[in-house]
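Peer 1: predicted structure and sequence below. I'll ask about it afterward.
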Amino acid sequence: MSKGQNTIFICQSCGYQSRKWLGKCPECGEWNSLVEERVVTAKKGGNRHGFRLQEAKAVAYTEIESQHDVRVSSGVTEFDRVLGGGIVPGTLVLLGGDPGIGKSTLLLQVADKLSVTGAIVLYISGEESERQIKLRGERLGIAAPNLLLLPETNLENIFREIERVQPSALIVDSIQTTFSSEIESAPGSISQIREVAAQFLMLAKTRGVPIFLIGHVTKDGSIAGPRALEHIVDTVLYFEGERHHNHRIVRATKNRFGAANEVGVFEMTSTGLAPVANPSQMFLAERPADAAGSVVTACMEGTRPMLVEIQALVSSSKYGTGRRMTQGVDQNRVALLIAMLEKRVGMQLLGDDVFVNIAGGLEVDEPAVDLGLVTAIASSFRNQSIDAHTAVFGEVGLTGEVRGATQASVRAHEAQALGFKRIVMPSSNTQGLEKLLGLRVVGVKSVDEAMQELF
């Protein structure tokens, strides 16, 4: 590519633009991420694919009619939960996740459920042939009477086929492999991703067709390409899960039509992804009885309460300073709580190794699990088990106080539903929970009070 005024260097990580090549991006700090691309000036008033929005005019807020879109069920209950209750017509959904985690499997199951209702679903595959998708479908046992497969990566050819087929839903696997021939850069580059995503957005909004885009992720787990891609779409979903566990979690980090941070739990089986109606029961299924260092805490994932097991192991170290290792929780948060235990409770943990794990491979990042972490570490340090029918939650401050948590009543009702007899929680959250049948609610103001109650 010849250098000139019509070329520009674009960072492939954040989208920063520069007229000259730089070894390090000044915006995001990535090395060797600037790639030379040709700048294409769009013609004014151009109608590239026939899906351009009409000329906009200002409208008074009071004159706009209220629109209550009827959501369409995808046929997969947990997927509907993450989307906010179902598929909104004209929505653009981006689904990202590690390779082989089940993105294509999930959307193929959704396509099957939609096609059974009579909707025509067009599955655009840029990475697999029709035979590969058919082979997966036979393994999953799907019929998909109205599912059409299109192995194509050229955007112009895809839009011509959309004009011919007129589908009710669209699946693109994946956005990084799709390219426009009018952009002189490689597929997956910043320019291509922006152009392709913008064209699919125009299609979704003008035709009212729900579109699902599958996106690759980088080493740190974020969707590859510019952050502008996540700003363009209506909903961003991340597929999470440990390779050695059967369960998978779909987490919504952005949703214009529902609650953000909502999660859906699936179990990977031989016939595909099966929705898990009661994830708390699944995470506590193999919990050991009367084991020191094990405690159940109530956390919130979006609008859903979950009871998970926190395991801690405190062992003496042969070295002067102990190690701190965590899995499923923030290591810095655990180190902070250990320092609080040493200062406020008097536990000498400096020379001990402390290991903390969330059983089942779940990632928990809310402050309401602090009390569970503290009690699990104290249980292992004292070698005293906590009653198996006790659950705890609450945020812990540096002075040892237990602060209130959000949606405490929802957490308490979840513990009651799973047969727990006692719940230790912040005293500021106990109002109105004294009448829960079969559940003894204990409010504590400090870590010392919690220790006296539990031990």
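Peer 2: It's in.
Peer 1: what is the burial count for Phe455?
Peer 2: By other Cβ atoms under 10 Å, the residues close to Phe455 number 12. All C-beta atoms are positioned from the backbone trio N, CA, C, and that covers glycine.
Peer 1: cool, Arg160 as well?
Peer 2: Residues near Arg160, counting by other Cβ under 10 Å: 13.
Peer 1: could you list the low-pLDDT ranges of the stretch 151-300 of the chain?
Peer 2: Along the stretch 151-300 of the chain, the model assigns pLDDT under 70 to residues 218-228.
Peer 1: quick one, helices of it?
Peer 2: Ranges of helices within the stretch 151-300 of the chain are 155-165, 190-207, 228-232, 279-283, based on DSSP state H, counting those that start in this stretch.
Peer 1: any idea how far the third one is from the chain center?
Peer 2: From the chain centre to the centre of helix 228-232 is a distance of 16 Å (Cα atoms, centre = their mean, to the nearest Å).
Peer 1: can you name every helix or strand that that helix contacts?
Peer 2: Under the contact criterion of 3 or more Cβ pairs under 8 Å, 6 or more residues apart in numbering; DSSP states H and E, helix 228-232 touches strand 92-97, helix 190-207.
Peer 1: so what touches it?
Peer 2: 15, 92, 94, 175, 193-194, 197-198, 201, 215, 223, 236, 253-254 (Cβ atoms under 8 Å, 6 or more residues apart in numbering).
Peer 1: with stretch 125-138 instead?
Peer 2: Stretch 125-138 is contacted from outside by 104-105, 108, 112, 123, 144, 149-153, 172-174, 177-178, using Cβ under 8 Å, 6+ apart.
Peer 1: just those residues now: which is nearest Val334?
Peer 2: Minimum distance to Val334 across the contacts of stretch 125-138 is 34.7 Å, recorded for Thr105 (Cβ to Cβ).
Peer 1: helices of the stretch 301-450 of the chain, start to end?
Peer 2: 331-340, 370-382, 408-417, 447-454.
Peer 1: list the neighbouring strands of the lengthiest strand in the chain plus their orientation.
Peer 2: Using DSSP state E to define each element, the chain has its longest strand at strand 304-316. If you go by DSSP bridges, strand 304-316 pairs up with strand 294-301 (antiparallel), strand 352-358 (antiparallel).
Peer 1: what mean pLDDT does the last one get?
Peer 2: The one in question is strand 352-358. Summarised as a single mean, pLDDT over strand 352-358 is 94.
Peer 1: what do you get for stretch 313-328?
Peer 2: Stretch 313-328 shows a mean pLDDT of 88.
Peer 1: what about stretch 254-273, start to end distance?
Peer 2: 23 Å (Cα to Cα, to the nearest Å).
Peer 1: list the buried residues in that stretch.
Peer 2: Neighbour-count burial for stretch 254-273 flags 255, 257-258, 261-268, 272-273 (criterion: 16 or more other Cβ atoms under 10 Å).
Peer 1: one more: stretch 181-196?
Peer 2: Under 16+ other Cβ under 10 Å, the buried positions of stretch 181-196 are Ile183, Ser185, Pro187, Gly188, Ser189, Ile190, Ser191, Gln192, Ile193, Arg194, Glu195, Val196.
Peer 1: just to revisit the earlier point, any chance of TSV for the helices of the stretch 301-450 of the chain, columns distance to Pro210, mean pLDDT and mean neighbour count?
Peer 2: Rendered in TSV, the data for these read as follows (distance: least, Cβ to Cβ, whole Å; pLDDT from 0 to 100; neighbours: other Cβ atoms under 10 Å):
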stretch	distance to Pro210	mean pLDDT	mean neighbour count
helix 331-340	38	94	16
helix 370-382	39	96	25
helix 408-417	30	93	20
helix 447-454	48	94	18
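Peer 1: how about those helices, which one is nearest Pro288?
Peer 2: It's helix 370-382; of the helices of the stretch 301-450 of the chain, that one is closest to Pro288 (Cβ to Cβ) at 12.4 Å.
Peer 1: check the offset of that closest one from the chain's centre.
Peer 2: With Cα atoms, centre = their mean, you get 28 Å for helix 370-382.
Peer 1: ditto for stretch 234-248
Peer 2: Distance, centroid of stretch 234-248 to centroid of chain: 7 Å (Cα atoms, centre = their mean).
Peer 1: send me it as PDB with only the CA atoms.
Peer 2: Presented in PDB, the C-alpha positions along stretch 234-248 are these (Å, rounded to 0.1, in the frame of the first residue of the first chain):
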ATOM      1  CA  ASP A 234     -27.700  -2.900  21.800                       C
ATOM      2  CA  THR A 235     -26.600  -5.800  24.000                       C
ATOM      3  CA  VAL A 236     -23.200  -7.200  24.800                       C
ATOM      4  CA  LEU A 237     -23.100 -10.800  26.200                       C
ATOM      5  CA  TYR A 238     -20.100 -12.700  27.400                       C
ATOM      6  CA  PHE A 239     -19.900 -16.500  27.500                       C
ATOM      7  CA  GLU A 240     -18.000 -17.600  30.700                       C
ATOM      8  CA  GLY A 241     -17.100 -21.000  32.000                       C
ATOM      9  CA  GLU A 242     -14.300 -23.200  33.200                       C
ATOM     10  CA  ARG A 243     -13.000 -25.800  30.800                       C
ATOM     11  CA  HIS A 244     -13.100 -28.500  33.500                       C
ATOM     12  CA  HIS A 245     -16.700 -27.700  34.600                       C
ATOM     13  CA  ASN A 246     -19.900 -28.500  32.800                       C
ATOM     14  CA  HIS A 247     -21.700 -25.300  33.600                       C
ATOM     15  CA  ARG A 248     -21.500 -22.200  31.400                       C
END
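Peer 1: for it, buried residues please.
Peer 2: For stretch 234-248, by 16+ other Cβ under 10 Å, it's Asp234, Thr235, Val236, Leu237, Tyr238, Phe239, Glu240, Gly241, Glu242, His247, Arg248.
Peer 1: can you list which of those are found in strands?
Peer 2: Thr235, Val236, Leu237, Tyr238, Phe239, Glu240, His247, Arg248.
Peer 1: how near is the third one to Ile10?
Peer 2: Right, the one you point to is Leu237. 26 Å (Cβ to Cβ, to the nearest Å).
Peer 1: again, but for the fourth one
Peer 2: Distance from Tyr238 to Ile10, counting by Cβ to Cβ: 25 Å.
Peer 1: what about the longest strand of the chain, distance to the chain center?
Peer 2: Distance, centroid of strand 304-316 to centroid of chain: 21 Å (Cα atoms, centre = their mean).
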